[in-house]
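Undergrad: Take this sequence and fold it.
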Amino acid sequence: MRANMRKWIGDRDFYKMVMIVAIPIMVQNGITNFVSLLDNIMVGQVGTEQMSGVAIVNQLIFVFNLCIFGGLSGAGIFTAQFYGQGNQEGIRSTIRAKIWMAIVITILAELIFWNFGDRLISLYLHENNDPAGNAAALQHGMAYLRIMMIGLLPFMFVQVYSSTLRETGETILPMKGGILAVAVNMMLNYVLIFGKLGLPALGVRGAAIATVTSRFAECFFVLTWTHRHKEKNSYIEGLYRSMKVPAKLVGQIVKKGMPLLVNETLWSAGMAILLQCYSVRGLSVVAALNISNTIANVFNVAFLALGNAVAIIVGQLLGAGKMKEARETDTKLIAFSVAICFGLGVLLALTAPLFPRIYNTSDEVKALAVCFIWVAAFCMPQNAFMNTAYFTLRSGGKTVVTFFFDSVYMCCVNVPLAFVLSRYTGLHIVLVYFLCQMVDLVKCAIGFVLVKKGVWIQNIVVNE
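TA: Numbering: from 1, shown residues only. Now for the predicted structure:
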């Protein structure tokens, strides 16, 4: 019995090592999501239409964010394993590949938002529900989007550098950059949204200006620190002497990375489509889901950070050729993530009725938000397992498998189910939302089989 428990539970040194990697990521993401919550509450004080317009735009920008994440992840697999191998030139090449990929994605996003932003927002606004409210939400959403587009460039560079720093064992600096961004964002939000210190009240435009300013501050901090500490980040030396990436490595990154890019694009688009499906039930549903998602994201930082820990720790072990240790470490990380999120799910469920009361919105929106939060709390352990299973498969370069496991499942199961239930049944929207979450139990079973079989245990940079 004890031997079996040791398979799932590590010793004190193990959890200390995990926390060194995961806690800075948790703190950074936790502070960021907490400020997003404050931002959300401040905009929510202005009105439901303003909050809904901002929520829709943030869902669209979320697609861009995950496209960047997916585009960098392919090269990131090689960064972690090159670091485990001690190959500095290999790391430089992966950073260059990240920069090229991020530039292409950002340009495409800017073009799409500039030319089709109003049409994308209108997909979530249905005339038969509240024409006046929809028109106001569209107006506020467009004002917010035009300013937020400026912040895509600094966000892109922060992700390139922060992901590389984490993959090479430096998790504290990105956390400090995130804390700086949140501090700037929080102060400017209060001043610009409500018009303090003699400045005009700008509402949603003030929220956008605060966010964009915070992204430039974070970008300046992270890039400056990285380049000033070349003795610690030796791969940064000579990084921009050339922007060429070895053809062989480009081919490998494309082979491993394209499934990740397509996966994150389709998955995030699937999430946006899910919200669009739910939105046919009214603007109040959009507002309630915005409240629920914002609050749940504060709690979700635990399993998201532990997923990143899997990618970093297991990826480095695989790169160093320690296959048995990688498997044992991965098993303990998955168990730890699920256990932590079970406790957080209970805490979220108990406090769910408190959060919506903070918002200046209707009783209908508040009641729906509480129910959506309860569903999110119930699903936290399930989501924790899926996330760690995804990063386990990704750490060994099984990106085609993760593509089918993640986005194909989303597009072929979750989205069609939400589309049918929201439009062609009389089921209450909370039950529709619950069923669309619980169908992921099938994905959990698939992930369990794939992880247990060890299809991900391989060193993909052994010959580089």
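
Undergrad: can you pull the contacts of the closest residue to Ala80 other than its chain neighbours?
TA: Among residues not flanking Ala80 along the chain, Gly315 sits closest, at 3.5 Å (Cβ to Cβ, 6 or more residues apart in numbering). Yep, even glycine has a C-beta here, placed from its N, CA and C like the rest. By Cβ atoms under 8 Å, 6 or more residues apart in numbering, the residues touching Gly315 are 77, 80-81, 84, 167, 395.

Undergrad: make it 7 Å
TA: When contacts are counted by Cβ atoms under 7 Å, 6 or more residues apart in numbering, Gly315 touches 77, 80-81, 395.

Undergrad: Tell me which two of those residues sit farthest apart.
TA: The most widely separated members of the contacts of Gly315, counting by Cβ to Cβ, are Gln81 and Ser395 (8.8 Å).

Undergrad: hey, what's in contact with both of these two?
TA: Common neighbours of Gln81 and Ser395 (Cβ under 7 Å, 6+ apart) are 315, 318.

Undergrad: Where does the residue nearest to Ala80 sit, in terms of helix or strand?
TA: Using DSSP states H and E, the element containing Gly315 is helix 315-319.

Undergrad: can you check Leu223 too?
TA: Secondary structure assignment for Leu223, by DSSP H and E: helix 204-228.

Undergrad: what packs against that helix?
TA: Applying 3 or more Cβ pairs under 7 Å, 6 or more residues apart in numbering; DSSP states H and E, we find helix 204-228 packed against helix 12-46, helix 48-85, helix 131-148, helix 152-167, helix 172-194.

Undergrad: please redo it, this time with the cut-off set to 6 Å
TA: Secondary-structure packing of helix 204-228 (3 or more Cβ pairs under 6 Å, 6 or more residues apart in numbering; DSSP states H and E): helix 131-148, helix 152-167, helix 172-194.

Undergrad: Just the CA trace of the second one, in CSV.
TA: Read that as helix 152-167. Extracted in CSV, the C-alpha atoms of helix 152-167 (Å, rounded to 0.1, in the frame of the first residue of the first chain):
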residue,chain,number,x,y,z
LEU,A,152,-0.9,43.1,-29.1
LEU,A,153,2.7,44.0,-30.0
PRO,A,154,4.1,44.3,-26.5
PHE,A,155,2.1,41.2,-25.4
MET,A,156,3.8,39.3,-28.3
PHE,A,157,7.3,40.2,-27.2
VAL,A,158,6.6,39.5,-23.5
GLN,A,159,5.4,36.0,-24.4
VAL,A,160,8.5,35.2,-26.5
TYR,A,161,10.8,36.2,-23.7
SER,A,162,8.8,35.0,-20.7
SER,A,163,8.2,31.6,-22.2
THR,A,164,11.9,31.2,-22.9
LEU,A,165,12.9,32.3,-19.4
ARG,A,166,10.5,29.7,-17.9
GLU,A,167,11.7,27.0,-20.2
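
Undergrad: Can you tell me the SS state at Pro200?
TA: Local secondary structure at Pro200 is given as coil here, using DSSP: H, G, I helix; E, B strand; the rest coil.

Undergrad: Report how many residues lie close to it.
TA: Pro200 is flanked by 9 other residues according to other Cβ atoms under 10 Å.

Undergrad: so what's the backbone phi/psi at it?
TA: Main-chain torsions, Pro200, degrees, to the nearest 10: phi -70, psi 150.

Undergrad: What is the burial count for Val262?
TA: Neighbours of Val262 using other Cβ under 10 Å come to 18.

Undergrad: Just the pLDDT for it.
TA: Here the pLDDT value assigned to Val262 is 80.

Undergrad: Find the nearest non-adjacent residue to it, please.
TA: Nearest residue to Val262, sequence neighbours excluded (Cβ to Cβ, 6+ apart): Phe403, at 6.3 Å.

Undergrad: Quick check, the one you found in contact with Pro259.
TA: Yes. Phe403 is within contact range of Pro259, at 4.0 Å (criterion: Cβ atoms under 6 Å).

Undergrad: So, low pLDDT: which residues of the chain?
TA: Counting by pLDDT under 70, the chain has low-confidence residues at 1-8, 10-11, 28, 32-33, 35-36, 127-130, 399, 458-464.

Undergrad: can you tell me how far the residue sitting nearest the centre point of the chain sits from Val314?
TA: Per Cα atoms, centre = their mean, the C-alpha nearest to the average position across the chain is that of Leu66, at 6.4 Å. To Val314, Leu66 is 21 Å away according to Cβ to Cβ, to the nearest Å.

Undergrad: Tell me which helix or strand Phe299 sits in.
TA: Short version, using DSSP H and E: Phe299 is in helix 283-309.

Undergrad: Tell me where the stretch 301-450 of the chain has helices.
TA: Secondary structure of the stretch 301-450 of the chain, counting by DSSP state H, counting those that start in this stretch: helices at 315-319, 323-351, 363-378, 380-395, 399-403, 409, 415-424, 429-438, 441-453.

Undergrad: Find the one among those with the highest mean neighbour count.
TA: Most buried of the helices of the stretch 301-450 of the chain by mean neighbour count (mean count of other Cβ atoms under 10 Å) is helix 315-319; its value is a mean of 26.
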